[in-house]
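Participant: Show me the folded form of this:
(chains A and B)
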There are 2 protein chains.
Amino acid sequence: MCGKKIKMKTIVETKFYNINKKIKFESGAEFGPITVAYETYGKLNEKKDNAILVIHALTGNAHAAFYNSEQDKKPGWWDDMIGSDKAFDTDKYFIISTNILGGCSGTTGPSSINPETNKPYALNFPVFTIEDTIKVQKELLDYFGIEKLYAVAGGSMGGMQAMQFAISYPDKVESVILIATTSRLSPQAIAFNAVGRNSIISDPNWNNGDYYDKDLKPDRGLSNARMIGHITYLCEEAMYNKFGRRLQDKDKYDFNFDIDFQVESYLAHQGQVFVDRFDANSYLYITKAVDYFDPAEKYGSLSNAFKDVNAKFLVISFDTDWLFPSSQSKEIVKTLMNLDKDVSYCEIKSPCGHDAFLLEFEIQTKIIKSFLNKQEGKRA
Amino acid sequence: MCGKKIKMKTIVETKFYNINKKIKFESGAEFGPITVAYETYGKLNEKKDNAILVIHALTGNAHAAFYNSEQDKKPGWWDDMIGSDKAFDTDKYFIISTNILGGCSGTTGPSSINPETNKPYALNFPVFTIEDTIKVQKELLDYFGIEKLYAVAGGSMGGMQAMQFAISYPDKVESVILIATTSRLSPQAIAFNAVGRNSIISDPNWNNGDYYDKDLKPDRGLSNARMIGHITYLCEEAMYNKFGRRLQDKDKYDFNFDIDFQVESYLAHQGQVFVDRFDANSYLYITKAVDYFDPAEKYGSLSNAFKDVNAKFLVISFDTDWLFPSSQSKEIVKTLMNLDKDVSYCEIKSPCGHDAFLLEFEIQTKIIKSFLNKQEGKRA
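Facilitator: Next up is the predicted model:
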């Protein structure tokens, strides 16, 4: 023990809340019961006005910070941002993180058992929207008795949900942090999602979504979809830095169809590990919700969508993010400014592309801390 | 007939030349015989010094201009660029266009019958490189008795081959036209090719390349690969112009996994029509050759690769091409300039992305005509 610094792991538990009623989805479908997997960090104060809802991206889960067990090698996906004296300071705030509706990490999704049939929902799960995912999270806030969030924050798809929260519940949130996100996917981003879904759907093992009791799962389709996704999460610069044209474990070309380049090996690995933790049907449903998100279309214009929001906004984008480029963040900021809303914007220079929101902790911490502190000041 | 202008179709025939010997490939494999499918337009002069070799891109064929029959609805892939008074003027020049080695439109490829087994080569076809594809075209030039090309020109992968021609045969070409090309793929471009290949290889109907006598072909994998490719051929701007977020034949979302957006419909269509005209194994081989192309790596540096070239160069890139961005063309130009070679460069503004070399005829015609005329002037 002498001299060796032991870092204690803080253990958190993923909990489950059951919404024992049906919720009306945007499609018109009424769906329930729904179990919501969630974790919390920090303490809810007596006034219940220090809660921050942190929302994960496409394939994330409720486990945003700390460890679920002593054996865990890695902490939650935003552990560098959530904790004592971190961007989302657990000494001050009560942080809530849930798994998305339709997901496969504890919240009810297509792989969950339909209590009416005792079989997985599969494609009987209703297609849902970003607005629907927010309705589900709102139920959990009601359970906690939280009238108004101190903040809602999310990166990428999590940012879409945070934006929708401010639109759906303008009086229920004080501030909104949107990171590496967009108010609607470009046709190119839709195209990438469509090809990913096509990859799953054209895998014969997908079997029209009915594969849960089969030996063979649509792993190859799902893996390919993930590989496509990963290309869009990295920028050219990140790819040059990480891989260049370096070969994988060899000095010269193999002249066959095995993996030659490091970038191929990386993508193949990302595809492989993904199928062990993610459900192909969840991927279809969640990417569809992302494609559908378009408040400007729904409310007539982005200005109309935002006209009743009361929250203060912090918008962060990354200069090398080509999936949700800064221009899309700037459109959000411009619209809010034209409406005379309280909005701060920061474009961070980063070599990490879209993935930067999961990697650039130092600068994000400074910006978010300052934003949340200012809010505290105004409150006091 | 009164007043109706009848445009006569010029009919050309695809011809075949048999290389009745083995050619040594870069991998070390010796391969032959090889049939080369080719077309020619215009007349070879007596001195045999007016020949221009025009080289197709990834999935093209020898049919570059005019019509193969009266029934053809569309002319060859570069018909707007090849003909009387066009960029490649058939009144002056003898234009040659061949199908690439390993292709599936007449030149020997994996779908061709191996005379030793009377079965398709499939994966017994040797993996080849861009340099090997040039060796094959050089055999055809020898057959014609052409000692020196007036020019070699190509877009995208065709540009790589044109570049390699100048490197492999520095005394056999007067000028080189490189359009929307690169001296090596970025890791991102390799990644897209790798995912496309993975899509084919993970299609169970691919059957380790042995599907030619089967009812089911790896159409789904090949179609998906083509869809991925098409995303990279268009730029964001082109996608917004062509599709935006418009829905396909509907006013509102379907809330299912059918096609919702026009961009999805376009990609699905591109995938479908592709499988009718292209061979999955050819796609694997040709994309691998493209990935492998890297004269800087092969010759120690790009400068070393170019040090003996004698040709004049015209390099054209398009500002919205993100697959082979202008920066990559500029690297070629800079290297040639530092070597004191004769090089002209033009970056064309276009909303068409990488596809621009197949679409922006007017400006390309002006630039190429002027370049070829200047050469003619110097000759006279």
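Participant: contacts and neighbour counts: CA atoms only from here.
Facilitator: Will do.
Participant: Tell me which residues touch A:K92, please.
Facilitator: Residues near A:K92 by Cα atoms under 8 Å, 6 or more residues apart in numbering or on different chains: A:G42, A:K43, A:N50.
Participant: among these, which are in strands?
Facilitator: Taking DSSP state E, every one of these sits outside strands.
Participant: can you tell me which residues contact the residue minimising distance to the centre of chain A?
Facilitator: Centroid-nearest residue in chain A: A:A57, 1.3 Å away (criterion: Cα atoms, centre = their mean). A:A57 makes contacts with A:G154, A:G155, A:S156, A:M157, A:G158, A:G159, as judged by Cα under 8 Å, 6+ apart.
Participant: if I look at it, how far off is chain B?
Facilitator: A:A57 is 21 Å from chain B, where distance means Cα to the nearest Cα, to the nearest Å.
Participant: same question, A:N241
Facilitator: 10 Å.
Participant: residues from the stretch 101-250 of chain A in reach of chain B?
Facilitator: Neighbours of chain B within the stretch 101-250 of chain A, by Cα under 8 Å from any Cα of the partner chain: A:126-128, A:186-188, A:190-192, A:194-195, A:198-199, A:202-203, A:220-221, A:224, A:227-228, A:231, A:236, A:239-240, A:243-245.
Participant: how would you label the closest residue to chain B within the stretch 1-150 of chain A: helix, strand or coil?
Facilitator: Taking Cα to the nearest Cα as the measure, the stretch 1-150 of chain A has A:V127 as its residue closest to chain B, at 5.4 Å. Put simply, A:V127 is coil when judged by DSSP: H, G, I helix; E, B strand; the rest coil.
Participant: residues near it, how many?
Facilitator: Neighbour count of A:V127, defined by other Cα atoms under 10 Å in any protein chain shown: 23.
Participant: I'd assumed A:V315 was in a strand, is it?
Facilitator: Yes - remark: A:V315 belongs to a strand, assigned using three-state DSSP.
Participant: ok, now which ones touch it?
Facilitator: Residues in contact with A:V315 (Cα under 8 Å, 6+ apart) are A:I177, A:L178, A:I179, A:S329, A:V333, A:V343, A:S344, A:Y345, A:C346.
Participant: right, and the pair among those residues with maximum separation?
Facilitator: Maximum pairwise distance among those (Cα to Cα): 13.2 Å, between A:I179 and A:V343.
Participant: Of the two, which one has the most company?
Facilitator: Higher neighbour count among A:I179 and A:V343: A:I179, with 29 against 19, using other Cα under 10 Å.
Participant: Can you report phi and psi for that one?
Facilitator: phi -120, psi 130 (degrees, to the nearest 10).
Participant: ok, of the contacts of A:A57, which come out buried?
Facilitator: A:G154, A:G155, A:S156, A:M157, A:G158, A:G159 (16 or more other Cα atoms under 10 Å in any protein chain shown).
Participant: Just the ones in helices from those residues, please.
Facilitator: With DSSP state H as the criterion, helices contain A:M157, A:G158, A:G159 from among the buried ones among the contacts of A:A57.
Participant: How much space separates the first one from chain B?
Facilitator: A:M157 sits 18 Å away from chain B, going by Cα to the nearest Cα.
Participant: now the strands: where do they sit in the stretch 201-350 of chain A?
Facilitator: Assigned by DSSP state E, counting those that start in this stretch, the stretch 201-350 of chain A shows strands spanning A:312-318, A:343-348.
Participant: The stretch 51-200 of chain A too?
Facilitator: Counting by DSSP E, counting those that start in this stretch, the strands of the stretch 51-200 of chain A are A:51-55, A:82-83, A:88-89, A:94-98, A:113-114, A:119-120, A:151-155, A:175-179.
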